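S.K.: no sequence for this one, just the structure:
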């Protein structure tokens, strides 16, 4: 279990929303709707009076956190030896390209591909120009 929670491996800590901000309140509302047993269509519907970009950002970050936890639990079973190709079944192979180190689509073992992907997503989520965290303070209720 210690290996799963090693930040230098694959697990990344959850991105947190600052208490008292509008996004924190939206996060709490999203969590409540996902945990209440309602259908997904209703759970992701934009609440009345809320900004669509903030609502989408909250769900993107929550989705990343959930996928990260799931991946953290299976990564020890998918090694470069057991998963030499990142594929979506026998017909689909995923190749990595980032225009930095990998200038052309490159076949990689699944764990290496996933690490690069999760790192890339984390950079996007932590980019204040894409996902600003200081949106504003929530309204007192």
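M.R.: That came in fine, so what should we check first? Computed from a predicted structure; not experimentally measured. Numbers count the residues shown, from 1 in each chain.
S.K.: how about low-confidence regions in the protein?
M.R.: 1-17, 22-23, 26, 30-38, 40, 134-141 (pLDDT under 70).
S.K.: can you do 80?
M.R.: 1-44, 132-141 (pLDDT under 80).
S.K.: now the strands for it?
M.R.: For the chain, applying DSSP state E gives strands covering 95-96, 106-107.
S.K.: What count of nearby residues applies to residue 128?
M.R.: Residue neighbour count, defined by other C-beta atoms under 10 Å, stands at 8 for residue 128. Any C-beta I mention is one placed from the backbone N, CA and C, and that applies to glycine too.
S.K.: domain ranges for this protein?
M.R.: Annotated domains of the chain cover 1-6+16-75, 78-131 [the TED database].
S.K.: wait, what's in contact with residue 107?
M.R.: 85, 86, 93, 95 (C-beta atoms under 8 Å, 6 or more residues apart in numbering).
S.K.: ok, and the most crowded of the residues you listed?
M.R.: For the contacts of residue 107, the largest number of neighbours (other C-beta under 10 Å) sits with residue 86, at 21 neighbours.
S.K.: Please give me every residue in contact with it.
M.R.: Residue 86 makes contacts with 93, 94, 95, 96, 107, 108, 109, 110, 113, 114, as judged by C-beta under 8 Å, 6+ apart.
S.K.: Apply the buried test to the residues you listed and list what passes.
M.R.: Among the contacts of residue 86, those classed as buried by 16 or more other C-beta atoms under 10 Å are 96, 108, 109, 110, 113, 114.
S.K.: Please narrow those to those residing in helices.
M.R.: Judged by DSSP state H, the subset of the buried ones among the contacts of residue 86 located in helices is 110, 113, 114.
S.K.: Using CSV, please lay out those residues together with distance to residue 79.
M.R.: Listed next are these as CSV, based on distance: C-beta to C-beta, whole Å:
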residue, distance to residue 79
110, 9
113, 13
114, 12
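S.K.: Closest one of these to residue 131?
M.R.: Closest to residue 131 out of those is residue 114 (21.2 Å), distances taken as C-beta to C-beta.
S.K.: gap between that closest one and residue 61?
M.R.: Relative to residue 61, residue 114 is positioned 18 Å away (C-beta to C-beta, to the nearest Å).
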